[in-house]
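Student: what follows is a predicted structure for the sequence shown.
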Amino acid sequence: MKPFLTIVLLASILVSAKHTYGQKKQQIDSLQTRLKEMLPDTSRVGAMVELCNLYKETNDEQNAIEYANQAIALSD
């Protein structure tokens with residue numbers, strides 16, 4: 001019985017992780033769309049920081065660094 005519970009637990013964790021990644025991807029797509037329409041002001045910097053964090057949470061370090069650098073450059 002114990003191996004069955006372990007398999008069920010692992011399967012539920014994997015399904016949950018996939019669902020969470022899908023939600024993050026939707027948030028990223030939405031923010032990128034809004035970012036294209038934003039003026040270069042504090043709201044744009046905030047969106048870039050949020051994108052940086054979302055990319056970091058999805059283990060996409062390259063895009064996270066890119067948006068962080070863009071936010072820093074715009075805030076100067």
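Tutor: It's in.
Student: state the mean pLDDT of the helix or strand hosting residue 36.
Tutor: Using DSSP states H and E, the element containing residue 36 is helix 2-37. When pLDDT is averaged along helix 2-37, the result is 73.
Student: find the centremost residue of this structure, please.
Tutor: For the chain, the residue sitting closest to the mean C-alpha position, by Cα atoms, centre = their mean, is residue 54 at 2.0 Å.
Student: that one contacts residue 29, doesn't it?
Tutor: No: under the criterion of Cβ atoms under 8 Å, residue 54 lies out of contact with residue 29, with a separation of 10.1 Å. Placement of C-beta: from N, CA and C, glycine included.
Student: now do the nearest residue to residue 57 once chain neighbours are set aside against residue 34, distance only.
Tutor: Distances taken as Cβ to Cβ, 6 or more residues apart in numbering place residue 24 nearest to residue 57, at 5.9 Å, with adjacent residues excluded. Between residue 24 and residue 34 the distance, using Cβ to Cβ, to the nearest Å, works out to 16 Å.
Student: with neighbour numbers in mind, choose between those two.
Tutor: The residue with more neighbours, out of residue 24 and residue 34, is residue 24; 16 against 12, by other Cβ atoms under 10 Å.
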